[in-house]
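need the 3D shape of this:
(one chain, ligands or ions: 1)
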Amino acid sequence: MAKKKVGIIGGGIVGTVLGYNLSLYDSVDVTLFEKDQIGSGTTAKSAGTVCLFDDSLPNKFWDVRLYGFQTYMNLEKEDKGSAGFDNTGTLVLATDKKVEESIKTGIALATAAGYKAEYLTDHDKINKILPDLNLNGILGAGWTRDDGYFDPTMASNTFVKKMRANGAKVFTTTKVEKINMHGNKVTGIETNNRSYNFDVVVDASGPWTRFTGRMAGLELPIWHTKAEAFFLTPPKKKLDYIFPVLKYPRFYARREGDNIFICKAHLTMDLNDPMHAGIWDPDKLQPTGGTDEYFLE
Ligand SMILES: Cc1cc2nc3c(=O)[nH]c(=O)nc-3n(C[C@H](O)[C@H](O)[C@H](O)COP(=O)(O)OP(=O)(O)OC[C@H]3O[C@@H](n4cnc5c(N)ncnc54)[C@H](O)[C@@H]3O)c2cc1C
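As a prediction, the model looks like this:
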């Protein structure tokens, strides 16, 4: 039987995970195109907190969360470091009763799945984990010791290595410039140096999807959100303890070298507020993310 030929546009975490999973099937012939380097787009900016437990995803998506965490942990088991796991633990702070309820459910789910997780109300115990934390008004904290963050660019490159080993083709610095169509059916793509025929083309170009979509005559409603992020260097001293992934409902933080990376929680953004969301060409954003003009002196 002839193999199904699948072309993937984009070598971020989405394109590479998809490419790897398709490469497991003998009946599929996979080719992935990345205009830059593997995992160099949004994936390179990610904090990599695919946590066992945090407050960014409602508990009803527990299966998805667990699958994601275990997928990356399996990479680590096969080849240590291949998903860039840093086992810092995750601390989620209960700022009110509703958040506390959700934390307790998340902790119960993580415990039932066999991981070390507990809900702490003793402020001394919480401060033992994160000494610099001001706990005024905090009801308690969910603590998942087995947790941590990953390096998504590393994981993307690992998936590429594995898909290549399964016979898939991966082209970097190769931009898809045109999607070929016959009537309403996509028949292939053209890159900067040649054309390819495919049975199926998958667009995994993330924030570029508005532009790649237009190549197939589609106006896709892709909006970009602005995640204000800061790097803070603790004054006068170097961190001498393991800084966990820290989640408040409206922001999260984790260690990045000697700095603390702090980022607004993505789900708190209001798509109707131009301070939070808009439509941009990702290739034209400034290295800062293009938000400087919104900051007041
Ligand atoms: C500051 C920040 C922090 C984040 N933190 C987290 C986190 O802690 N946990 C979490 O789960 N998520 C986090 N995210 C979200 C996460 O990073 C994204 O959801 C994820 O990386 C999207 O992956 P992607 O493959 O869809 O897109 P991308 O990584 O952007 O990949 C798309 C790729 O397509 C390529 N491409 C585009 N056009 C073409 C073309 N014409 N031809 C060929 N290639 C093309 C691009 O070069 C790019 O490499 C964060 C995001 C940001 C910005």
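
stretch 41-52 vs the ligand: in contact?
Yes. Using CB under 6 Å from any ligand atom, stretch 41-52 reaches the ligand at 41-43, 45-50. To be clear about C-beta, it is placed using only N, CA and C from the backbone, and glycine gets the same treatment.

other residues contacting the helix or strand harbouring residue 103?
Assessed by DSSP states H and E, residue 103 sits inside helix 97-112. Residues outside helix 97-112 that contact it (CB atoms under 8 Å, 6 or more residues apart in numbering): 52-55, 58-59, 62, 66, 92-94, 117-119, 139-142, 144, 146, 249.

that older thread, and the residues of stretch 41-52 next to the ligand, which of them are buried?
Neighbour-count burial (16 or more other CB atoms under 10 Å) applied to the residues of stretch 41-52 next to the ligand gives 41-43, 46-50.

who does whichever residue of the stretch 51-200 of the chain sits closest to the ligand bridge with?
Nearest residue of the stretch 51-200 of the chain to the ligand, counting by CB to the nearest ligand atom: residue 176, 3.7 Å away. Going by DSSP bridges, residue 176 is paired in beta bridges with residue 191.

and the helices in the stretch 151-297 of the chain, which stretches?
152-165, 209-215 (DSSP state H, counting those that start in this stretch).

just name the most buried of those.
helix 152-165 (a mean of 21; mean count of other CB atoms under 10 Å).

how about the residues of the stretch 1-150 of the chain near the ligand?
9-15, 33-36, 40-43, 45-50.

among those residues, name the ones in helices.
13-15, 42-43, 45 (DSSP state H).

OK, contacts around residue 138?
93-95, 123, 126.

my read: residue 197 touches residue 186, true?
No. Residue 197 lies out of contact with residue 186 (CB atoms under 8 Å); the separation is 10.2 Å.

ok, those two, which is more surrounded?
The residue with more neighbours, out of residue 197 and residue 186, is residue 186; 19 against 10, by other CB atoms under 10 Å.

ok, that one - contacts?
179-180, 198, 200-201, 216.

number of residues surrounding residue 150?
26.

can you tell me, leaving aside adjacent residues, what's nearest to it?
Computed as CB to CB, 6 or more residues apart in numbering, the closest residue to residue 150 that is not its neighbour in sequence is residue 48, at 4.3 Å.

give me the phi and psi for that neighbour.
Main-chain dihedrals, residue 48, degrees, to the nearest 10: phi 70, psi 20.

list the contacts of stretch 124-132.
So stretch 124-132 is in contact with 89, 91, 120, 133, 135, 138, 140-141, 143, 234, 241, 243-244, 246, going by CB under 8 Å, 6+ apart.

quick one: which of those residues is nearest residue 222?
Closest approach to residue 222 among the contacts of stretch 124-132 (CB to CB): residue 246, at 30.0 Å.

does that closest one touch residue 55 like I think?
No. Using CB under 8 Å, residue 246 is not in contact with residue 55; the gap is 11.1 Å.

pLDDT wise, what is residue 193 at?
At residue 193, the model reports a pLDDT of 87.

just the one 4 residues further on next, same as before
pLDDT for residue 197: 98.

got the contact list for the closest residue in space to it that isn't next to it in sequence?
Nearest non-adjacent residue to residue 197, counting by CB to CB, 6+ apart: residue 188, 4.2 Å away. Residues in contact with residue 188, defined by CB under 8 Å, 6+ apart, are 7, 179-180, 195-198, 201.

go again with 6 Å.
180, 196-198 (CB atoms under 6 Å, 6 or more residues apart in numbering).

what subset of these is buried?
Judged by 16+ other CB under 10 Å, buried ones among the contacts of residue 188: 180, 196, 198.

and of those residues, the nearest to residue 164?
The closest of those, once distances to residue 164 are taken by CB to CB, is residue 196, at 17.2 Å.

since that was my last question, I'll sign off now.
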